[in-house]
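Q: here is a sequence with its predicted model. Questions after.
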Amino acid sequence: MNDSDYIIFDFDGTIADTFDLALEIYNRIAPEYNCRPAGPEDHELIRLKKPQELLKFYGVSRLKLLSLVLRVRKELSRHIPEIKLVSGMEAALREIRNSGYRVGILTSNSASNVSKFADINNLSGLFDFIYSGRSLFGKEKVIRRMLIHENLSVDRVIYVGDETRDIEASKKAGIPVVAVSWGLHRREVLASLSPDQIADDPEELRGCFLRIFNGRP
């Protein structure tokens, strides 16, 4: 097993601010799938509801979901230069690397999209790996596959994400999770699932990691 401490980041919403663009793409293609578009008044609803509730609300079946996700991913690839890096994230990532941690990305986005984004935003060389996996209804399985693929031990890994499913999946996979409140789900929604730590700003991340690793057996 790899004996380094690894911080594994979700990409969309955690490192990259893709919410508005992904929603714009969804609204453009939703009629093709007979799904309900999301109006401006729905933005807060999306941030307060769990994925399963939203899928039902917008009429997205499991069959439609995979096709929609792949379509949105393809459309996002054409707009990578427009996607903004979360404010303060570059400095936070560099501080994390300088503190001796290894850094990886686990994403349902494509590895090529993430690599292109990293190149554009001066992040090249900060990530030890980018692992892309589909996780529509079982992200813990993707986490487990990533751990095996990268030869990582569960007690040397922390996951960082912005959604309720990140917390649920990490707990099922047996790894600590830091929830970030600047992405998809609001702080109160994330807190209701009791993540190990919650960060409200990227500069708080290193402190979250220290508290988790210092508290391990």
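A: Thanks, I have it.
Q: okay, domains of the chain per the record?
A: Using automatic domain parsing, the domains assigned to the chain come out as 6-17+85-214, 19-81.
Q: just send those domains back as JSON lines, with mean pLDDT and mean neighbour count too.
A: C-beta: built from backbone N, CA, C; applies to glycine. Output for the domains of the chain, formatted as JSON lines (pLDDT from 0 to 100; neighbours: other C-beta atoms under 10 Å):
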{"stretch": "domain 6-17+85-214", "mean pLDDT": "94", "mean neighbour count": "19"}
{"stretch": "domain 19-81", "mean pLDDT": "89", "mean neighbour count": "15"}
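Q: OK, contacts around the residue nearest the centre of the chain?
A: Computing the C-alpha centroid of the chain and ranking residues by C-alpha atoms, centre = their mean puts residue 10 first, at 2.8 Å. Counting by C-beta atoms under 8 Å, 6 or more residues apart in numbering, residue 10 touches 105-107, 159-163, 166, 183.
Q: same deal with residue 132?
A: Neighbouring residues of residue 132 by C-beta under 8 Å, 6+ apart: 107-111, 114.
Q: quick one: the spatially closest residue to it that is not a sequence neighbour from residue 77, how far?
A: Spatial nearest neighbour of residue 132, excluding adjacent residues (C-beta to C-beta, 6 or more residues apart in numbering): residue 111 at 4.4 Å. To residue 77, residue 111 is 11 Å away according to C-beta to C-beta, to the nearest Å.
Q: strands of this protein, start to end?
A: Per DSSP state E, the chain carries strands over the ranges 6-9, 16-17, 84-85, 102-107, 129-132, 157-161, 177-180, 197-199.
Q: and those strands as a markdown table, adding distance to residue 142?
A: Converted to a markdown table, the strands of the chain look like this (distance: least, C-beta to C-beta, whole Å):
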| stretch | distance to residue 142 |
| --- | --- |
| strand 6-9 | 11 |
| strand 16-17 | 18 |
| strand 84-85 | 24 |
| strand 102-107 | 7 |
| strand 129-132 | 8 |
| strand 157-161 | 11 |
| strand 177-180 | 14 |
| strand 197-199 | 22 |
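Q: good, we can wrap up now.
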